[in-house]
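Undergrad: Pasted the sequence and its predicted model underneath.
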Amino acid sequence: MAFVFDLPSIPATRIAGSDARFAVHRIYCIGRNYAEHAREMGAQAVSRDHPVFFMKPADAIVPEGGEIPYPSATRELHHEVEMVVALSGGGRDIAPARALDCVFGYGVGLDLTRRDLQAAMKAKGLPWDVAKGFDGSAPVSVLRAATEIGHPQHARLSLEVNGEVRQDADIADMIFAVPELIAELSKLFELKAGDLIFTGTPAGVGPLERGDTFRASLQGIAELAGRVT
Ligand code: MN
């Protein structure tokens, strides 16, 4: 088949202990998945009936972090450290009991956010895309296969900026745990191998400035480091 221009390269990230790469199909994100973060964002009670989902383009990933360009059109770039779930299978209307069968593995990532634009869009009732889906908005670590590490129920999720702890929580505090998250998403989208799910951030989000260094950790599973340029 001929195409009118060269095909873009496939966004992909490394897998620990493997030469094969994880090709990214879609990036799904959930908002308000930790009660304390929902509160710090001014949300009232979090409804378990209506999880807040949004997406980023697959090529927004920055594999293994490194140099992260400060994005255009914002004066308030915020960090959100999150556990990332990588899928090797999918489908529609997946039951929570079989959701983990779809999981390839786990990593840690940053859901980088233009917070000023998000606040402006929220105030007008407009979509968040420009706040969340910009180029380089999804730094993600090397992935760890579930065949190697299992499916973590507890793990410390933390972020240091310039050596100072900004976010620190346990993934057990998620409102929607991974099986429920996959089940809920699959009611809305047909999930596929290659999908990444950013599982929400705990409290402590805040600004990243040019020159800041960061180190994200999902303890015992993945690390991600970089610098805003
Ligand atoms: Mn987030």
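TA: Yep, it's here.
Undergrad: On the three-state scheme, residue 121 is what?
TA: With DSSP: H, G, I helix; E, B strand; the rest coil as the basis, residue 121 sits in helix.
Undergrad: List the contacts of the closest residue to it other than its chain neighbours.
TA: Nearest residue to residue 121, sequence neighbours excluded (C-beta to C-beta, 6 or more residues apart in numbering): residue 128, at 5.5 Å. (Glycine included, C-beta is placed from N, CA and C.) Neighbouring residues of residue 128 by C-beta atoms under 8 Å, 6 or more residues apart in numbering: 54, 118, 121, 122.
Undergrad: Same check on residue 149?
TA: 105, 106, 220, 221.
Undergrad: go again using 7 Å as the cut-off
TA: Going by C-beta atoms under 7 Å, 6 or more residues apart in numbering, residue 149 touches 106, 221.
Undergrad: how much space between it and residue 33?
TA: 21 Å (C-beta to C-beta, to the nearest Å).
Undergrad: mind listing what the residue of the chain found nearest the ion touches?
TA: The ion sits closest to residue 111 of the chain, with a gap of 3.4 Å, by C-beta to the ion. By C-beta under 7 Å, 6+ apart, the contact list for residue 111 reads 29, 80, 82, 138, 198, 201.
Undergrad: Tell me which two in those residues are the farthest apart.
TA: Pairwise distances across the contacts of residue 111 (C-beta to C-beta) peak at 12.7 Å, for the pair 138 and 201.
Undergrad: so after the lowest-mean-pLDDT helix or strand in the chain, what's the next helix or strand?
TA: When the helices and strands of the chain are scored by mean pLDDT, DSSP states H and E, helix 35-40 comes last with a mean of 90. Sequence-wise, the next helix or strand downstream of helix 35-40 (DSSP states H and E) is strand 52-56.
Undergrad: Okay, now the sheet partners of the helix or strand that comes right after that following strand, with direction.
TA: Per DSSP H and E, the first helix or strand lying C-terminal to strand 52-56 is strand 61-63. Strand 61-63 has the following strand partners under DSSP bridges: strand 138-140 (parallel).
Undergrad: Rounded mean pLDDT for the partner strand, please.
TA: Averaged over strand 138-140, pLDDT sits at 98.
Undergrad: how far is whichever helix or strand comes after that strand from where the chain is centred?
TA: The helix or strand immediately downstream of strand 138-140 is strand 144-145, counting by DSSP H and E. Relative to its chain's centre, strand 144-145 lies at 16 Å (C-alpha atoms, centre = their mean, to the nearest Å).
Undergrad: now do stretch 134-151
TA: 9 Å.
Undergrad: Next, the buried residues of it.
TA: By neighbour count on 16 or more other C-beta atoms under 10 Å, the buried set for stretch 134-151 is 134, 136, 137, 138, 139, 140, 141, 142, 143, 144, 145, 146.
Undergrad: The first one touches residue 70, doesn't it?
TA: No - applying C-beta atoms under 7 Å, one finds residue 134 not in contact with residue 70, separated by 10.8 Å.
Undergrad: Can you tell me the closest non-neighbouring residue to the residue of the chain closest to the ion?
TA: residue 80 (4.1 Å).
Undergrad: got the contact list for the one you found?
TA: 110, 111, 113, 201, 205.
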